[in-house]
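Engineer: 3D, please:
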Amino acid sequence: MTESLRVLMISGEYPPMEGGVADFTAIVGQQLVERGVDVHVLTSRGAAAAADDHGPITVHADMEAWAFRPLYNRMRDLLAVTRPDLVNIQYQTAAYGMHPAINLLPRFFRDVPTVVTFHDLRLPYLLPKAKRL
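Structural biologist: Next up, the predicted model:
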């Protein structure tokens with residue numbers, strides 16, 4: 001018997017939190033599950049109210065802050081437990097409280113391939129007080 005592919009998705013928001021990234025992550029996760037993938041999602045505590053209602057997707061609604069220490073400590077623990085074949089970061093800077101820790105995550109956890117899905121890349125949104133670079 002072959003072991004199924006394991007994916008750890010990271011998203012600053014996830015249902016029942018409202019937002020396009022929350023919905024997108026849930027839909028992609030469900031599509032992966034339907035194809036036999038074991039899906040885990042690391043997200044904000046705002047999704048904890050319905051963490052048990054996500055069916056076959058395992059939701060880790062653990063993040064109160066997306067700062068370096070809490071994020072990297074939780075990632076270290078989750079990687080050991082879930083042993084994902086791939087990490088997928090749903091990148092929307094505001095969903096991570098505008099904190100830069102998520103930007104360096106792939107550099108600190110190089111043992112697992114990482115794919116980043118970018119959302120809201122308009123320059124004024126990313127750098128609202130910066131002029132055109």
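Engineer: what pLDDT does Gly19 get?
Structural biologist: Looking at Gly19, its pLDDT reads 88.
Engineer: now the helices for the chain?
Structural biologist: Using DSSP state H, the helices found in the chain span residues 20-34, 68-82, 101-108, 123-126.
Engineer: can you pull the contacts of Val7?
Structural biologist: Leu32, Val37, Asp38, Val39, His40, Pro84, Asp85, Leu86, Val87, Asn88 (CB atoms under 8 Å, 6 or more residues apart in numbering). Bear in mind the C-beta positions are built from the backbone N, C-alpha and C, glycine included.
Engineer: which stretches of the chain have low pLDDT?
Structural biologist: The model of the chain has pLDDT under 70 over residues 1-2, 50-54, 121-133.
Engineer: same thing but at 80, please
Structural biologist: Counting by pLDDT under 80, the ranges of the chain that qualify are 1-3, 49-54, 120-133.
Engineer: would you turn the helices of the chain into TSV with mean neighbour count and distance to Ala49?
Structural biologist: Compiled in TSV, the helices of the chain are given as follows (neighbours: other CB atoms under 10 Å; distance: least, CB to CB, whole Å):
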stretch	mean neighbour count	distance to Ala49
helix 20-34	18	13
helix 68-82	14	19
helix 101-108	15	23
helix 123-126	12	28
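Engineer: figure out which of these is closest to Asp62.
Structural biologist: Nearest of the helices of the chain to Asp62, taken as CB to CB: helix 68-82 at 5.6 Å.
Engineer: next one: that closest one to chain centre, how far?
Structural biologist: Distance of helix 68-82 from the chain centroid (CA atoms, centre = their mean, to the nearest Å) equals 12 Å.
Engineer: what does it contact?
Structural biologist: Against helix 68-82 from outside (CB under 8 Å, 6+ apart): 6, 8, 40, 42, 58, 60, 62-64, 101-102, 104-105, 108-109, 111-112.
Engineer: got a ChimeraX select line for the buried ones in the contacts of Val7?
Structural biologist: A single ChimeraX command selects the buried members of the contacts of Val7 (16 or more other CB atoms under 10 Å):
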select :32,37,38,39,40,84,87,88
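Engineer: now, the contacts of Val7 that are in strands?
Structural biologist: Asp38, Val39, His40, Leu86, Val87, Asn88 (DSSP state E).
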